[in-house]
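Participant: 3D model of this:
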Amino acid sequence: MIKERLLKKVNKSHITFYVIAVVLFWLKTYAAYQIEFNLGIDNSLQEFLLFINPLSSALFFFGIALLFKKRTKLVMIITNFILSFLLYANIAYYRFFNDFITVPVLMQTKTNAGQLGDSALSLMSPLDVFYFTDFFILIALALTVFKQVTVTNRKSFKIVLLFSITTFLFNLGLAEKDRPQLLTRSFDRNYLVKYLGAYNFTIYDVIQNIKSSSQRALANSTDVTAVENYVKANHAAPNPDFFGKAKGMNVITISMESFQTFMIDYKMPDGQEVTPFLNSLTHDQNTFYFENFFHQTGQGKTSDAEFLMENSLYPMAQGAVFVNKAQNTYQAMPAILKGNGYNSAVFHGNYKTFWNRNVMYKALGYDQFFDAEYYNMTDENTKNYGLKDKPFFAESMPMLKSLKQPFYTKFITLSNHFPFEMDPEDTDFPAGNTEDTVVNQYFQSAHYMDQALEQFFNDLKASGLYDNTMVVMYGDHYGISENHNDAMAQVLGVDEITPAINAKLQRVPLFIHVPGVQGGIQKQFGGEVDVRPTVLHLLGIDTKDYLEFGSDLLSPNHRNWALFRNGDFVSSDVIQVKDKCYSTETGELLENSEACKDIADKVSSELQMSDEVVYKDLLRFYQPEGYTSINPNDYEYLGPKTGKTSKTTESN
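Facilitator: Purely as a prediction, here's the structure:
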């Protein structure tokens with residue numbers, strides 16, 4: 001009888017309901033870690049940490065419900081739904097980006113609302129309802145077994161709070177033992193989630209963003225000195241053989257959406273080249289083709305690539321500069337060239353507010369912005385995020401020809417975008433033959449973009465602009481993420497995608513085509529941050545007085561490595577991935593990790609200093625010799641109905 005009474009009391013205890021909620025959520029999260037995320041577990045301690053790290057968050061957040069005397073169960077259920085939604089959002093995001101959602105990313109989603117539907121839906125599965133199973137179980141228990149439960153006192157919350165803090169400190173202590181200075185020197189969110197958990201990472205991210213917001217207010221002109229000294233000490237002087245070879249030429253920059261280097265010279269099983277035009281450009285005598293060129297983007301992807309190319313600064317570790325730091329002062333390529341008599345314009349087959357471009361481009365100094373309002377945005381002409389590449393280039397030509405020369409322009413392509421599905425009428429090129437639909441469709445969309453680029457080059461020649469125009473084309477970021485490694489191993493003809501191979505897969509093409517100038521295939525290692533000094537030196541503009549972290553790719557003193565935003569890097573000799581050192585040539589893990597230390601130290605310093613410039617808005621305190629500052633308020637992209645696109649157009 002006593003046993004039955006005790007069992008009945010336990011069954012109806014609010015603590016029992018709390019324990020069930022915590023355990024169900026804990027185990028679900030751990031299952032999600034194992035199923036959805038590739039966090040690089042290397043030892044038993046890391047496996048143990050992965051198992052326990054959801055516990056402290058679950059104990060704390062569900063424990064808050066104990067403060068609500070009459071609504072404990074309801075608050076626990078709501079808490080479960082919010083945390084489950086956060087977990088699932090991270091799962092969907094990770095499926096494509098191999099990354100975790102941050103506070104700035106949520107701000108980007110707000111900015112880009114309505115543009116992300118197709119990509120988001122393609123990442124979801126009906127089986128994903130599993131990640132909300134405990135939510136429905138708690139509702140059922142609350143309405144049946146625990147229907148009469150209420151909290152009789154709040155002492156239990158104090159006990160739970162103490163237990164959750166103790167669990168977190170135990171977790172953090174073990175994490176610091178395996179990876180010292182985890183919270184101060186890690187650029188990689190995978191580490192933070194692996195050691196501390198997805199929910200604790202979110203708390204950490206919120207704190208970091210509050211800290212970031214205060215950095216600008218506390219900055220002053222003395223903060224620039226260390227950055228200036230570093231930049232000038234590491235400046236790669238221009239190559240006299242190429243300096244000024246393109247002086248006075250127009251410049252056209254083309255962002256090739258999601259295009260990776262493995263596509264160059266790739267042939268389908270029937271012998272067809274995927275990108276015959278780009279292949280021919282690779283071997284064109286007037287083209288510098290960089291075959292060891294890497295994207296360096298973070299969560300801002302295409303916008304990050306734009307930022308790198310035009311500012312020679314690294315993007316933010318979390319979020320995107322275009323959204324979070326558009327109010328900063330910049331000394332970007334359009335503004336620098338304005339002082340040399342250039343007009344500037346952007347062509348983009350999406351609306352100007354996407355990725356906050358209508359604000360950011362003013363800060364960069366773009367005179368004109370031809371967005372979707374200038375194009376024929378019919379259903380037939382649009383795909384994914386805007387205008388298809390062929391009509392985009394065709395409709396851009398009259399506007400390009402109308403610009404006053406010399407001009408600096410940027411074209412942002414869109415067709416080769418995840419999930420890469422093509423409209424049947426746009427291509428008869430065969431899909432790939434792997435078991436992965438995304439990878440298979442990538443061949444078709446890449447081929448379509450190649451045709452559009454060939455069409456554009458032909459139109460340039462017909463317009464008379466070709467002979468006096470430098471064309472810079474670059475892949476903005478990866479298209480195929482690590483989640484498709486099984487199919488990519490088949491595509492590349494290897495047994496598996498090792499860390500070293502994956503690092504090399506981050507190569508994207510860079511073409512710098514200069515009519516009348518002898519180019520050739522370039523084997524040096526570099527990244528998107530290196531493009532600005534390279535292009536400006538070709539135009540005869542020395543960048544030694546600018547605060548930039550790029551190194552002229554054609555300079556004899558060019559450093560032969562490129563870093564990634566998470567702190568990894570690649571070089572001609574060694575590759576570092578997640579603190580492990582590999583041979584670039586063989587891809588084998590090196591026993592002597594010291595081989596990577598020298599570059600690793602430079603990478604860490606460079607990222608920290610670039611972050612100083614961006615987070616503290618240090619360029620407002622720095623004026624290069626001969627540079628005329630721009631005022632974003634001088635620009636207003638009004639659209640075609642007004643007959644002009646900016647205030648500055650009238651004076652051009």
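
Participant: The closest residue to Arg565 other than its chain neighbours: which element?
Facilitator: In space, and not counting its chain neighbours, Arg565 is closest to Gly298: 4.1 Å by C-beta to C-beta, 6 or more residues apart in numbering. Every C-beta, even on glycine, is put in place using the N, C-alpha and C of the backbone. For Gly298, there is no enclosing helix or strand under DSSP states H and E.

Participant: Let me know whether Gly298 touches Phe322 as I believe.
Facilitator: No: using C-beta atoms under 8 Å, Gly298 is not in contact with Phe322, being 11.4 Å away.

Participant: Please name the nearest non-neighbouring residue to Phe168.
Facilitator: Nearest non-adjacent residue to Phe168, counting by C-beta to C-beta, 6+ apart: Ser56, 3.8 Å away.

Participant: For that neighbour, give me its contacts.
Facilitator: Counting by C-beta atoms under 8 Å, 6 or more residues apart in numbering, Ser56 makes contact with 164-165, 167-168, 171, 197, 200.

Participant: Which residues does the helix or strand hosting Ala217 contact?
Facilitator: Taking DSSP H and E as the definition, Ala217 sits inside helix 198-218. Residues outside helix 198-218 that contact it (C-beta under 8 Å, 6+ apart) are 29, 53-54, 56-58, 61, 83, 86-87, 90, 100, 102-104, 168, 183, 189, 192-193, 196, 318, 615-617.

Participant: before we move on, back to that, among the contacts of Ser56, the buried ones, what's the PyMOL command?
Facilitator: To isolate the buried subset of the contacts of Ser56 in PyMOL, counting by 16 or more other C-beta atoms under 10 Å, use the following:
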select buried, resi 164+167+168+171+197+200
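
Participant: out of the contacts of Ser56, what pair is the most spread apart?
Facilitator: Farthest pair in those (C-beta to C-beta) is Ile165 and Gly197. Separation: 14.5 Å.

Participant: returning to what we had before: average model confidence for the helix holding Ala217?
Facilitator: Averaging pLDDT along helix 198-218 gives 81.

Participant: Helix or strand next in line after it, which one?
Facilitator: For helix 198-218, the following helix or strand on the C-terminal side (DSSP H and E) is helix 224-233.

Participant: mind listing what the next helix or strand after that next one pairs with, with the direction of each?
Facilitator: Using DSSP H and E, the helix or strand that follows helix 224-233 in sequence is strand 250-256. The strands beside strand 250-256 in its sheet (DSSP bridges) come out as strand 407-412 (parallel), strand 469-475 (parallel).

Participant: Measure how buried the residue nearest to Met268 when sequence neighbours are not counted is and give me the count.
Facilitator: Spatial nearest neighbour of Met268, chain neighbours left out: Pro430 (5.9 Å); criterion: C-beta to C-beta, 6+ apart. Look at Pro430: counted by other C-beta atoms under 10 Å, it has 15 neighbours.

Participant: got it, and Asp367?
Facilitator: Asp367 has 26 nearby residues by other C-beta under 10 Å.

Participant: Let me know the angle separating the strand or helix carrying Leu87 from helix 198-218.
Facilitator: Counting by DSSP H and E, the element that carries Leu87 is helix 72-97. Here helix 72-97 runs at an angle of 80 degrees relative to helix 198-218 (axes from the mean of the first three to the mean of the last three C-alpha atoms, to 10 degrees).

Participant: Which neighbouring elements make contact with helix 72-97?
Facilitator: In this structure, helix 72-97 packs against helix 14-36, helix 44-63, helix 133-143, helix 198-218, with contacts taken as 3 or more C-beta pairs under 8 Å, 6 or more residues apart in numbering; DSSP states H and E.

Participant: Assign Cys581 to helix, strand or coil.
Facilitator: strand (DSSP: H, G, I helix; E, B strand; the rest coil).

Participant: Turn the strands paired with strand 250-256 into a markdown table, columns for mean neighbour count, distance to Ser555 and mean pLDDT.
Facilitator: A markdown table is the format used below for those (neighbours: other C-beta atoms under 10 Å; distance: least, C-beta to C-beta, whole Å; pLDDT from 0 to 100):
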| stretch | mean neighbour count | distance to Ser555 | mean pLDDT |
| --- | --- | --- | --- |
| strand 407-412 | 24 | 22 | 98 |
| strand 469-475 | 23 | 17 | 98 |
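
Participant: could the ones you listed be laid out in JSON lines, adding distance to Glu548?
Facilitator: Formatted as JSON lines, these follow (distance: least, C-beta to C-beta, whole Å):
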{"stretch": "strand 407-412", "distance to Glu548": "17"}
{"stretch": "strand 469-475", "distance to Glu548": "16"}
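
Participant: do you know which of those lies nearest Lys401?
Facilitator: The nearest among the strands paired with strand 250-256, by C-beta to C-beta, is strand 407-412 at 10.3 Å.
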